[in-house]
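1. sequence below, structure please.
(2 chains)
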Amino acid sequence: MINVTIDGKTVEANPGDLLIKVAQENGVYIPRFCWHDRMKPVGMCRMCLVEVEGIRGLPPACTMPVAEGMVCHTETPAVKQAQDDVLEFLLVNHPLDCPVCDRGGECPLQDTTLAFGPGESRFVEEKRHFEKPIPISDVVLLDRERCIQCARCTRFADEIAGDPLISFVDRGGHTQVLNHPDHPFASYFSGNVVQICPVGALTAKPYRFRARPWDLATVETSCGQCAVQCRGALQSSSNRLVRLLGVDSDAVNHGWLCDKGRYGFEYVHSDARVREPQLDGKTVSWPQALDAAADALRSARDLHGAESIAFLGGARGTNEDAYAIARLAKGVIGTDNVDSQLGDGLPAELILGVNRAAIADLDTAAAIVLLAPDLKEALPVLHLRLRRAALECNVPIIDFSSVPHGLTREVTHALAPLPGEQGKRAEQLVGALNGNAADAIVAAAAATIAGRSGNIVVVLGRSNLAERSDATVQAAAALAGLANVKFLSALRRGNVHGALEAGLAPGILPGRVTIEHRDAVQQVWRTAPEVPGLDAEGILRGAIDGTIKTLVLVGADPIADFPDRALAIEALNAVGTIIALDGFGNASNQRAKVMLPVTMFGEKSGTTTNLEGRMQRVNQKVSPEGIAMDDWRIASEIALRLGDDFDLELVDEITAEMIKVSPALAGATPALLASSHDGVRIPVREHATEIKVRKNNAGLLDGEGAVSWEPIKADVEAVDVELATHESADESADESAGEAGAAVIDSGETPSADKATITAPTAEASATVAPTAASVLLTWNRIAPSVSLPGRDAYAVRLVSGPALYDHGNAVNASASIVGLRGPSKLLVSAADLQRLGVTNGTEVHVASAKGAFNIAVHAARGITQGVAQLAMGGERGANALIDVGSSATDVRVETIQ
Amino acid sequence: MFTDANKKRATEIVALYPKAHSAILPLAHLAQDQDGWLSPEAMDEIADYCDTTAADVQGVCSFYTMYKRRPCGNLVVSVCTNVTCLVVGGPEVLERLEHKYASDHDVFVEEVECLAACGNAPSMQVNYEYHEHLTPESAEQIVEDYKAGRLVARGVSGGLA
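-> All right, here's what the predicted structure looks like:
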């Protein structure tokens, strides 16, 4: 640490830190436009000029690293004059159209002019004019005359997003930001440039002229579009969600959002929402619908046994929703045929039972092993974090993808296994680390790993949905044997990790335990399954062969999402009764006997858990559409009708009960979750030292008004928390429930101030509630399934498939701003295969597998191996129409159309 | 689109640099020598050679006034009117040529800043070939010679276009 004096106050700083940042951290705000904490400094706007003793002239604070003994002044007459001059020059061309500008009221230029500006301008010349606004992409509009050339947007596009599709064009007074006429700024991250623009030059089409910032009410929440769960500030006006801004979370999203998250909440208010309960297609009251659902479940259980009932889904809501559904299915009805994944994930034992990494571990890893789908499509902001780890932190990436993807340029060693051979290749890598290299590529990868210290972080997801998960599991089993290895899950669905933690998987109970450890839930639950049930594929096959007679779809659409569409259709047609909890009608629930409308994003509070096992609060901003209810309330109403009163009325009571029965959550409380900065990671005890609590206990962003263009951070300093001790476990459980109530009724009374003490049971005490965490928590047995690939027909190509960001789900379909961004499906093959077919790029060809066939445009793509084809999931021409889930590879014939 | 010969040349130019990105300017000269201007399609093609995006190429090229982003005929005539040329007749040369070729789409007459040929002012460039000691009449004759093919510019990219 070195000493720096800023405006007479001597402060400590790290050598190399930028003066502007050191000043800010010590309470001195130096005005700026171009500097952004998450991007490299550029010194373009000259607004942050300061006086540094011993340096001639006024250096910009944003490009000035601090040095020992540096003495800086930010409020001298010379500095004040420079600020006046810079602002006067910026306003030479910037129009004073604030009353019609979307930024008016939350505009950094407006605010800075008021706080630091000259008050009047001497310029009388005409300002520059441009055609306005021009679209630079389908969602972003540009008013060039407002631009002050800070280069935040162009630097973001280049440095952070890796999509340099906008740049400065022309020079001098004509300088403007533009895209190339043939290439719009079609980045998955384009909305971020609107948020960080310090003027109203970049505006978002969905928000333009929709609201004024002083009319907006804000809550902090997590986006639910994918399992990254970026933190965001959700804003509404007149009970309508109008905007989601990224909140800067060190742990998760660094302030960025993808466009699907940023604009994809429009589905909440879509006309297509189911707003009232339906029984046999007719609108009914809630009591009628709940009675009918309970009757159907009761008679199914009495006639055919609990095993004839299955639950699919639950990865869309909150943890509380998932927990209540799990309790209904496993603790009331008594079936273990429950799966929150739809054949597109990995075994729950694997995800819950491996040593898990945090997203931030990527930055310090020895190497990142990428065994996942294209993260730019599946988990866009995780893609940004990997990109940062590779480019900023110089972490090597070892890639197991069979096809090119968003991070291909950043990959250090591409092991390029053929589809289905990931396991074999991973075993070769492990062999190379032990000195037996199979070839030069694995030898080089092993040498890279061996030459660095730190953990190996394996980003683990389903790299290919056109094959069974076996090859990926085999690869994970091989890699899990290495020392210092951690796994970062890359499962995609919004709250799938929360659902798995809550027990929505066969053989699993809440809190990362298997059904063998029933004692914790049995304090509260009436029953618990004794034999592991079926997964999604088993459930669908059971529906076909008649063993599953009643199917409860909890926000699940297997026909759209299960990799094998033909199997899903057959199963949904065969099953006797369908009960659906959903916000939308879809192909799978169209013949539901009972349709129960549920609340969606922004309409409910609770907690969710992201892919690193981080559990955070989500918050309600608007009242639900129609008379939709929370899933957890529906589950408890049905349970009540089945004779089991959950006695849970507030969401915090469910959180408290979930914590009580979940060994992995021992130590947490609803109050801790509400006030902790960046939430808590599961298992809570293992990560207790990471937990920080916000000082003022408000916990989240202030409720009112606009949020800033600067990286939006929690407005209070975080303090460390110690999980406090209690005499008896029962007492602690009661008290945490009591605190929850207090937090809801009057948050002002919850303990605050410097010494934040959050009550929680000790390890010893919790042993009486639930056995000590370490002894019962699931550990993956690393049993690798054997993979036998079918022989490949010389005329066929082997399919690789993954999700697309703009898919065919409700979030896209019912969000007008982004549905148009979804491109047509296309089949990607190697140039050699295209030549073999004798067709040109873009020609329609006929593709056929054992399961289905259709015509689709074929394109050559760089980097695809001959004999491999790539096709995204979803839609009429999606890979799920071709995939046979029973086969360890999907081979398709591609033929020209005569 | 580059001709086959220029594609080969472009590949050679890219190979001269440690980073392909550095070849943007020479390739832009090559494209402009070939087409007479730098079209959006050409910038797109250059982006492929230089491992970057078309927007980046456009941003770099638009900084330099020598790259023409609109079709401007076969002859670009750049007449200097800076101080030395100003006092010995540069503006008269410019006026004569502008008037003469006002409706000739093949000749693009532009006023430029100092061409660094003050010793023999007034001066101009025709497709970036220097011509000095001008009078309005001699300047016009020189442009006519280019139009008739009696004079041929070597091209900025090394005469390969």
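2. could you list the domains of chain B?
-> B:4-63, B:75-147 (automatic domain parsing).
3. once you drop chain neighbours, what's closest to the closest residue to chain B within the stretch 401-550 of chain A?
-> Residue nearest to chain B within the stretch 401-550 of chain A: residue A:409 (9.0 Å; Cβ to the nearest Cβ). For glycine as for every other residue, the C-beta is placed from the backbone atoms N, C-alpha and C. Excluding the flanking residues, the one nearest residue A:409 by Cβ to Cβ, 6 or more residues apart in numbering or on different chains is residue A:162, at 7.7 Å.
4. and among the domains of chain B, the most buried is which?
-> Of the domains of chain B, the one with the most neighbours on average (mean count of other Cβ atoms under 10 Å in any protein chain shown) is domain B:4-63, at a mean of 19.
5. how about it and chain A, any contact?
-> Yes. Applying Cβ under 8 Å from any Cβ of the partner chain, one finds domain B:4-63 touching chain A at B:40-41, B:43-44, B:52-60, B:62-63.
6. by mean pLDDT, which helix or strand of chain A comes out lowest?
-> When each helix and strand of chain A is scored by mean pLDDT, DSSP states H and E, helix A:763-769 comes last, with a mean of 38.
7. quick one, what contacts residue A:232?
-> Residues in contact with residue A:232 (Cβ atoms under 8 Å, 6 or more residues apart in numbering or on different chains) are A:220-223, A:244-247, A:257, A:261.
8. swap the cut-off to 10 Å and go again
-> Residue A:232 is in contact with A:218-224, A:243-247, A:249, A:253, A:255, A:257, A:261-262, A:265, A:618, A:701, A:712, counting by Cβ atoms under 10 Å, 6 or more residues apart in numbering or on different chains.
9. in chain B, which residue is closest to the centre?
-> In chain B, the residue lying closest to the centroid (Cα atoms, centre = their mean) is residue B:127, at 4.9 Å.
10. separation between that one and chain A?
-> According to Cβ to the nearest Cβ, to the nearest Å, residue B:127 and chain A sit 23 Å apart.
11. how about that residue: what's its closest non-neighbour residue?
-> residue B:153 is the one closest to residue B:127 (Cβ to Cβ, 6+ apart), at 3.5 Å.
12. can you report how many residues neighbour the one you found?
-> Residues near residue B:153, counting by other Cβ atoms under 10 Å in any protein chain shown, number 17.
13. in contact with residue 18, which residues?
-> Here I'm looking at chain A. A:24, A:35, A:37, A:41, A:48, A:60-66.
14. sorry, I should have been clearer: chain B.
-> With Cβ under 10 Å, 6+ apart, residue B:18 has no contacts at all.
15. where do the strands sit along the stretch 1-150 of chain A?
-> A:2-6, A:9-13, A:51-52, A:70-73, A:134-135, A:140-142 (DSSP state E, counting those that start in this stretch).
16. just name the most buried of these.
-> strand A:140-142 (a mean of 24).
17. how far away from the center of its chain is stretch B:40-58?
-> 19 Å (Cα atoms, centre = their mean, to the nearest Å).
18. okay, now the unreliable bits of the chain?
-> Answering for chain A, as no chain was given. Residues of chain A meeting the criterion pLDDT under 70: A:695-774.
19. wrong one, I was asking about chain B
-> Checking chain B against pLDDT under 70 turns up B:158-161.
20. show me the strands in it, by range?
-> Here chain B has its strands, by DSSP state E, at B:75-80, B:107-112, B:124-126, B:129-131.
21. out of those strands, nearest to residue A:130?
-> strand B:107-112 (23.3 Å; Cβ to Cβ).
22. now for the closest one, which elements pack on it?
-> Secondary-structure packing of strand B:107-112 (3 or more Cβ pairs under 10 Å, 6 or more residues apart in numbering or on different chains; DSSP states H and E): strand B:75-80, helix B:90-100, strand B:124-126, helix B:136-148.
23. picking up where we left off before, what distance do you get for the residue nearest to residue B:127 to residue B:36?
-> 11 Å (Cβ to Cβ, to the nearest Å).
24. what do these two both touch?
-> B:74-76, B:127, B:161.
25. what's the closest of the residues you listed to chain A?
-> residue B:76 (18.6 Å).
26. return the residues in contact with that closest one.
-> Residue B:76 sits next to B:32, B:36-37, B:66, B:68, B:107-110, B:112, B:125-128, B:153 when contact means Cβ under 10 Å, 6+ apart.
27. in the stretch 201-350 of chain A, which spans are helices?
-> A:259-263, A:286-304, A:319-326, A:348-353 (DSSP state H, counting those that start in this stretch).
28. of all the residues of domain B:4-63 next to chain A, which two lie farthest apart?
-> B:41 and B:63 (19.9 Å).
29. ok, for the residue in chain B positioned nearest to chain A, nearest residue in space, not its chain neighbours?
-> Nearest residue of chain B to chain A (Cβ to the nearest Cβ) works out as residue B:59 at 3.1 Å. Distance criterion Cβ to Cβ, 6+ apart; nearest residue to residue B:59, sequence neighbours excluded, is residue A:167 at 3.1 Å.
30. and that neighbour, which of the three is it?
-> strand (DSSP: H, G, I helix; E, B strand; the rest coil).
31. shouldn't it be in contact with residue B:58?
-> Yes. Between residue A:167 and residue B:58 there is a contact at 6.7 Å, judged by Cβ atoms under 10 Å.
32. mind giving me TSV with the domains of chain B and columns for distance to residue A:796?
-> Shown next, in TSV, are those (distance: least, Cβ to Cβ, whole Å):
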stretch	distance to residue A:796
domain B:4-63	32
domain B:75-147	57
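33. from the residues of domain B:4-63 next to chain A, which ones fall inside helices?
-> B:40-41, B:43-44, B:54-60 (DSSP state H).
34. contacting residues for the closest residue to residue A:584 other than its chain neighbours?
-> In space, and not counting its chain neighbours, residue A:584 is closest to residue A:810: 4.6 Å by Cβ to Cβ, 6+ apart. Residue A:810 makes contacts with A:264, A:267, A:270, A:272-273, A:316, A:555, A:557, A:560, A:582-586, A:600, as judged by Cβ under 10 Å, 6+ apart.
35. which residues of the stretch 101-250 of chain A lie near chain B?
-> For the stretch 101-250 of chain A, the contact set with chain B under Cβ under 10 Å from any Cβ of the partner chain comprises A:136, A:154, A:157-158, A:163-172, A:174-185.
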